[in-house]
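Asker: 3D model of this:
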Amino acid sequence: MGGILGSLGIDPFYLFVILFVLQVAIIVLLCLVYDKYNRLQNSYNVFMKGKNGKSLEKSIFRRFEKLKKIEKIAEENREEIDKIYKKMEGHYQKVGIVKYDAFHEMGGDLSFALTMLDENNTGWILNAMHSREGCYTYIKEVIKGESYIELSEEERDCLEKAIYQEEYDIKSSKN
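Answerer: The predicted structure follows:
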C-alpha cells in the first residue's frame with residue numbers, strides 16, 4: 001500500500017464502495033428524470049397535436065375573448081342580482097298569524113291577526129274580529145318592528161311570530 005491513498009490512510013475498498021453507491025444513486029435519478037421527461041413529452045405531443053405556432057396562438061386568443069365575454073356576463077348577472085335584492089328588501093317576507101276567539105261567545109277561533117313584514121320589520125297587522133253581529137277589521141302600521149298604536153295580546157303574539165319567524169320555524173321542525 002504505497003500510493004496516495006495509503007499515505008492518506010484510506011482503504012481503496014471503501015472508496016470503491018462509496019463510488020459504487022454514488023453510481024447506483026445517479027442511475028436511479030437518471031431513470032426518474034427520463035420517466036418524467038417522457039410524461040412531459042407525451043403531454044406536449046397531445047397539446048400540440050395538429051397545431052403549429054400560429055394556430056396555437058389563435059386558439060389562445062379565442063379563449064381570452066371567451067373569458068372576456070364570460071366576465072362581462074358575470075358582471076351583468078351580479079348587477080341584476082343586486083337590483084333584485086334591493087327590490088326584495090321592500091317586499092313582504094315575514095308572515096305571522098294568530099287565530100283566536102275575540103268575544104268568547106261563538107266557539108271556534110274565527111278571529112285572526114295577520115302580520116306581514118319586510119326585511120326591515122316594517123309592514124302592517126290586519127286584525128279581523130268575528131262576532132255574531134258581524135266582522136270588524138282593523139289594520140295597524142308597523143315600523144321597524146314597533147307599532148305606534150297599542151296592540152292587543154293576539155296582535156303582539158302575531159308580530160313576534162313574524163319578526164322571529166325563523167326561530168318559530170326551527171322549533172316547529174324539531175317537534
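
Asker: residues of stretch 113-132 that come out buried?
Answerer: Neighbour-count burial for stretch 113-132, with 16 or more other CB atoms under 10 Å as criterion, is recorded at 113-117, 121-123, 125-127, 129-130. Just so you know, the C-beta spots here come from the backbone N, C-alpha and C atoms, and that holds for glycine as well.

Asker: what's the first-to-last distance across it?
Answerer: For stretch 113-132, the first-to-last residue distance is 18 Å (CA to CA, to the nearest Å).

Asker: and which of the buried residues of stretch 113-132 is nearest Val24?
Answerer: Of all the buried residues of stretch 113-132, Val24 sits closest to Asn121, with 77.8 Å by CB to CB.

Asker: next, the residue nearest to the closest one when sequence neighbours are not counted: phi, psi?
Answerer: Taking CB to CB, 6 or more residues apart in numbering as the measure, Asn121 lies nearest to Gly145, with 3.9 Å between them; neighbours along the chain are not counted. Main-chain dihedrals, Gly145, degrees, to the nearest 10: phi 80, psi 0.

Asker: Ile163 is in contact with Gly145, correct?
Answerer: Yes. Counting by CB atoms under 8 Å, Gly145 sits close enough to Ile163 to count as a contact (5.6 Å).

Asker: circling back to that earlier point, out of the buried residues of stretch 113-132, list just those in strands.
Answerer: The members of the buried residues of stretch 113-132 that map onto strands under DSSP state E are 113-117, 123, 125-127, 129-130.

Asker: more crowded one of Gly145 and Ile163?
Answerer: More neighbours surround Ile163 than the other of Gly145 and Ile163, with 17 against 14 (other CB atoms under 10 Å).

Asker: how near is that one to Glu146?
Answerer: Ile163 is 10 Å from Glu146, where distance means CB to CB, to the nearest Å.

Asker: try Leu126
Answerer: With CB to CB as the criterion, Leu126 and Glu146 are 17 Å apart.

Asker: quick check: Tyr148 touching Val142?
Answerer: No. Judged on CB under 8 Å, Tyr148 makes no contact with Val142 at a distance of 9.1 Å.

Asker: okay, now the residue nearest to Leu5 when sequence neighbours are not counted: neighbour count?
Answerer: Counting by CB to CB, 6+ apart, Pro12 is the residue found nearest to Leu5 once chain neighbours are left out, at 5.4 Å. For Pro12, the count of nearby residues is 11 (other CB under 10 Å).

Asker: mind picking out the helix or strand in this structure with the poorest mean pLDDT?
Answerer: Ranking every helix and strand in the chain by mean pLDDT, DSSP states H and E puts helix 165-174 at the bottom, with a mean of 62.

Asker: need the helices for this structure, in chain order.
Answerer: For the chain, the helices identified by DSSP state H occupy 4-8, 12-48, 53-89, 153-163, 165-174, in order along the chain.

Asker: alright, that wraps it up for me.
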